[in-house]
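A.B. asks: Okay, predicted coordinates and the sequence, questions at the end:
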Amino acid sequence: MFRPALPALLTPLALFAATPALAQEARPQQTLASPDGSIVLTVSTDNDARPTWSLSRKGKLLIAPSKLGFLLTDGIGLQRGFAIEGAERASGDDRWEQPWGERRYVRDHYNELLVRFRQDESWGGHAMNLRFRLFDNGIGFRYELPEQAGFKTAKIADEVTEFDIAPEGTAWWITGGEWNRYEQIYQKTPIDAVATAHTPITMRLDDGTHLAFHEAALVDYSGMWLKRVEGRKFRATLAPSSRGPRVVRDLPFHTPWRTIRIADDAAGLVENDLELNLNEPNKLGDVSWFKPMKYIGIWWGMIRGPWSWAEGPNHGATTERTRQYIDFAAKNGFGGVLVEGWNKGWNGNWFGHGDDFSFTEATPDFDLKAVTDYARKKGVTLIGHHETGGNIAHYEAQLEDAMALYEKLGVKAVKTGYVADAGGIIAPGATPGTTAMEWHDGQRQVEHHLKVVEVAARHHIAVNAHEPVKDTGLRRTYPNWVAREGARGMEYNAWGAFANGPDHVPTLVYTRMLSGPMDYTPGVLSLEGANGAPLASTLAKQLGLYLAVYSPIQMAADFVETLEKHPRELEFIKAVPADWAESHLIAGEVGDYAIFARKDRNSADWYVGGVNDATARTLTLNFDFLDPGKSYTATIWKDGEGATYLTEARHKIAYETIQVKKGDTYKLWLAPGGGAAIRLTPGK
């Protein structure tokens, strides 16, 4: 029987009154098992009266006893002198529908334990609750600080949330707190060689168990990094703030969930909705005004160099060029055209400054109304662009007017940008007329992103944030938050040969992509960056990206002239959906390769494909996911014989059409740096 999740913020007395079916307990140790019994949690206190937790799976210790609590800037921390005062239990088993996503329906099945801790009066006498949810494929837990006398505001210096990983293994990670935010190449090291890492951080233990550490529902709080303390023991550390305390919150409040996905294999990590389930349901109501789509844009020309964001003879965002791109979009079924550099403010040093941007005034050679009118007549929407240079003080002052203008003109989506070094966000200061420097994933910027999403939602506009705070599943609560960057994307391929190595995307699938949709901007069919710099990709891999890197808005990033030169590849890009009924990883290993099978939400078609690293390999794909009793025409784009990302042979591509049915297999060769894409249509 389903029992709904407990309200987010309740005092112990109110919690008891609201849930009379909950068992009331008071023991020095509390345990909880996942619904299938495979994962067991133990919550206790150690000899120093510090709260601890540990976790086992299938009888083996995963997380050794690890401490819990907070350090405060204005008082004794919440880490010692605690005893368990009581506990409540609940469970839930529900299925909910996504308005768009990797799959239409999500099951939310868990057991829950709320442990009420109380500090001895000599340590401050504070109450601190820990809520744990155990799923068959992971765990989430969060702190809940109820209303209490003498403790009105928590000024958090840092968390004392530990993860002491018992077994040895390998980790894939990027460094937290570095100048380039999340835009890094992933490192692969032993777990005990990690320094300070952003999340998600993925691990494969020596016994084959896969783990991914992250967080869910990051709201009004600083983003969490994981800092290795010693051995394989990690401690949460929060992104800094100009105020001193990394988080300031009035009680009552709860933190984001700290999460661990747990699986036997790579597919179990990927086909896991843990963070989504730990977010609140849709707060926006009907969001049918957002339609998943593919788009093109006036963007790659600036990234590669021949065009400029700034005004002048090479200005990319002209009325004439935008009309050309709208015509191409309308002819080929693309829903949107992104235009960067349309507005005033690009002429000076905008990187990390952003003082001159106007979000309502166009450049002299760009007629915003004429362009949006033209797009509307063609059945295409303009995708707006708000680059802030990291100056949110300047942006927030114009935010409402900018979104109202877009709504008036029929702009349905906006790409926001925060190009500045880490720690370079210019935010409103404590007193009017002043500013303060903040981090891209600090509490102030977390608040900012949600403000932008909420204002955009009122105007029926979707948001695709670049240089963002990481995704933590908030797209469930705010379904107009459709995509983010938050990793090293395609643009880096314009700036150097093999800038994103062949194993970059096969690693992103199992790390960054566990957090949510990414605007990677695939579809560079020329396979060339600036000055002919080669991409670490075959032509077929550019198509495989549409299946490996999920987003409800997918770009065909190359020049339209280049797309037109590849009609057979363009055929696939035009056809592949951006919204799915089902998604399955049918072959893959972390950092090596990833092949997905995804079913179109709006037809009976299936699509199969993905990406490979630098090692040539032959896979046997099984079509067991197909509906029984049906024959499917499989149209295949794959690496041509001898293809490799290392030479001009990267352009070699082969085509094949065969008939398949459920239970059939297909041998697929993947080139070094290669990939593949298959469309499966029922009927001959």
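C.D. replies: Cool, the structure landed.
A.B. asks: contacts, neighbours, all on C-alpha from now
C.D. replies: Will do.
A.B. asks: Can you spell out which helices and strands pack onto the strand or helix carrying Gly544?
C.D. replies: Secondary structure from DSSP states H and E places Gly544 in helix 539-548. On a contact count with 3 or more C-alpha pairs under 8 Å, 6 or more residues apart in numbering; DSSP states H and E, helix 539-548 meets helix 567-575, strand 593-600, strand 606-612, strand 631-639, strand 675-682.
A.B. asks: by contact count, what packs against the first one?
C.D. replies: This points to helix 567-575. So helix 567-575, by 3+ C-alpha pairs under 8 Å, 6+ apart, packs with helix 539-548.
A.B. asks: Can you name the next helix or strand after the helix it packs on?
C.D. replies: In N-to-C order, the element after helix 539-548 by DSSP H and E is strand 553-555.
A.B. asks: strand partners of that next one, parallel vs antiparallel please.
C.D. replies: If you go by DSSP bridges, strand 553-555 pairs up with strand 293-298 (parallel).
A.B. asks: Following the chain onward from the strand it pairs with, which element is next?
C.D. replies: helix 300-304.
A.B. asks: For the helix or strand just after that next one, what is the distance to the chain centroid?
C.D. replies: Note on helix 300-304: by DSSP H and E, the next helix or strand toward the C-terminus is helix 319-332. The chain centroid and the centroid of helix 319-332 are separated by 30 Å under C-alpha atoms, centre = their mean, to the nearest Å.
A.B. asks: contacts for helix 319-332?
C.D. replies: 295-298, 335-337, 339, 365-368, 371, 374-375, 378-380, 560, 574 (C-alpha atoms under 8 Å, 6 or more residues apart in numbering).
A.B. asks: just the buried members of those?
C.D. replies: For the contacts of helix 319-332, a burial check counting by 16 or more other C-alpha atoms under 10 Å picks out 295-298, 335-337, 339, 366-368, 371, 374-375, 380, 560.
A.B. asks: Identify, from these, the entry nearest to Thr318.
C.D. replies: Phe366 (4.9 Å; C-alpha to C-alpha).
A.B. asks: Could you confirm that closest one falls within a helix?
C.D. replies: No. Phe366 is assigned coil when assessed by DSSP: H, G, I helix; E, B strand; the rest coil, not a helix.
A.B. asks: Next, work out how far apart it and Thr175 are.
C.D. replies: Relative to Thr175, Phe366 is positioned 41 Å away (C-alpha to C-alpha, to the nearest Å).
A.B. asks: try Ala267
C.D. replies: For Ala267, the distance to Thr175 - C-alpha to C-alpha - is 25 Å.
A.B. asks: More neighbours: those two, which one.
C.D. replies: Thr175 (24 against 20; other C-alpha atoms under 10 Å).
A.B. asks: Disregarding flanking residues, what is the spatial nearest neighbour of the more buried one?
C.D. replies: Excluding its sequence neighbours, the residue lying closest to Thr175 (C-alpha to C-alpha, 6 or more residues apart in numbering) is Ala197, at 4.5 Å.
A.B. asks: and the one you found, what is it in contact with?
C.D. replies: Going by C-alpha under 8 Å, 6+ apart, the list of residues near Ala197 reads 173-176, 225-227.
A.B. asks: Over to His315?
C.D. replies: His315 neighbours (C-alpha under 8 Å, 6+ apart): 307-309, 341.
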